[in-house]
Structures are given as structure tokens and as C-alpha cells.
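following is a predicted model, sequence given first.
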Amino acid sequence: MVARVMRPAPTSDSIKAYWEPMRRIDPYGDPGWLSLMIEGKAEGKVIGNVGYGITVINETHKLGSIGWSTSSAHRGKGLATEAARAVLGFQFEHLGIHRVSARTGRANKPSWKLMERLGMRREAHFRLSHTNLAGEWDDEYIYAILRSEWRAMSMRSRSNEA
């Protein structure tokens, strides 16, 4: 997935140019898109990122989006799930977001399975609206979760822990 969205391969200068403005974004405001780094504790280095966007309709009506990527060496370890869960919680509990959506290509099964683990449901299947890793047209999925669904899921999780 990262190779598809990061062609050509990023240079040190392009990475700095992307990340430097992120330091100045107010995470409580209307960031447009805010990317956050995922750091592997054992490695002490960046292994991926998770980001979110907000569409502010008015002060009480806000929609969110979320996305992530991890290095191939760190996939399947639950790190993106942990990071995405934290960002969803922040969006719903601190920003007052009503609904958060995410999108991915049909071929990116690990990503849409992660969306399902987060409690998101598939809301749309767009035919041939997305380019895959081979640069060919492919289908795209849209997933979403409502704040009420997130809270209900969080309550069930807490009662299972008790």
C-alpha cells in the first residue's frame, strides 16, 4: 500500500518537507489532515503512521476520517490497530466527531480487516475507482463507524475486562 501512495520513493528532503508542518497543526482544531508517527518501542524508531482528518460542518456537526500505514516488517503485530484505536478514541471523545470513515482498495485485505476489528462496517464498494499496486483500476471499499457505536463497543470492552 505504501509503495502505491509514495511513488517515487521518498527522499530525506521530501520526508522532512511532509512532516515539518505537522508539528504546527492544532490537533483539536480543523487540521485538514494530521499524520502522527507510530514508533516501535523495541526499535526506538518510526515504523509507520496513523492520521486523521476532520470536516467541520458547524461546531456541533463534525465528520472524521482516518488512515494508516506500517512498514512491512511490522505488519501483523497489532501496532496499527493500537494506534488507530487510540486515534478513533481521541476523535470521538475529545473532538466530538459524529462519524469516522476510512477507505482502502479491495486488494488491501489487511487494511479492511483492521477496519472491521475496529468495529467499522463496510458502507460502500466502488467499482474500479482505485488504482492498485500494479497501477490498474481496482475496486475501493469505504468503512465507517458512528460515535454511538464506538461508545457501545467501548462499554462492552470495559465490562469484559472487569
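Good, I have the coordinates.

quick one: the strands in this structure?
34-40, 45-58, 61-70, 99-105, 121-131, 137-146 (DSSP state E).

right, and the ones you listed - which one's nearest Asn160?
Nearest of these to Asn160, taken as CB to CB: strand 137-146 at 18.7 Å. Backbone N, C-alpha and C define where each C-beta goes, glycine included.

name the helices or strands packed onto that closest one?
Applying 3 or more CB pairs under 8 Å, 6 or more residues apart in numbering; DSSP states H and E, one finds that strand 137-146 contacts strand 99-105, helix 109-117, strand 121-131.

next, the buried residues of that strand.
Residues of strand 137-146 classed as buried by neighbour count (16 or more other CB atoms under 10 Å): 138, 140-146.

can you show me the CA trace of it as CSV?
The C-alpha coordinates for strand 137-146 follow below in CSV (Å, rounded to 0.1, in the frame of the first residue of the first chain):
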residue,chain,number,x,y,z
TRP,A,137,-8.1,0.1,-11.9
ASP,A,138,-9.5,-1.8,-8.9
ASP,A,139,-12.4,-1.6,-6.5
GLU,A,140,-12.4,0.5,-3.4
TYR,A,141,-14.1,0.0,0.0
ILE,A,142,-15.4,2.6,2.4
TYR,A,143,-15.8,1.7,6.0
ALA,A,144,-17.3,3.8,8.8
ILE,A,145,-18.2,3.8,12.5
LEU,A,146,-20.5,6.2,14.5
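
which residues are contacting that strand?
88, 98-107, 112, 115-116, 118-132 (CB atoms under 8 Å, 6 or more residues apart in numbering).

same question, stretch 78-96
Stretch 78-96 has contacts (CB under 8 Å, 6+ apart) with 27-28, 36, 38, 40, 47-48, 50-52, 54, 60, 62, 64, 66, 68-70, 97, 100, 114, 117-118, 145, 147, 150-151, 154.

show the buried residues in those residues.
Among the contacts of stretch 78-96, those scoring as buried are 36, 38, 40, 47-48, 50-52, 54, 62, 64, 66, 68-70, 97, 100, 114, 118, 145, 147, 150, 154 (criterion: 16+ other CB under 10 Å).

could you check how many residues crowd around Ala80?
For Ala80, the count of nearby residues is 24 (other CB atoms under 10 Å).

roughly how far does it sit from Gly64?
17 Å (CB to CB, to the nearest Å).
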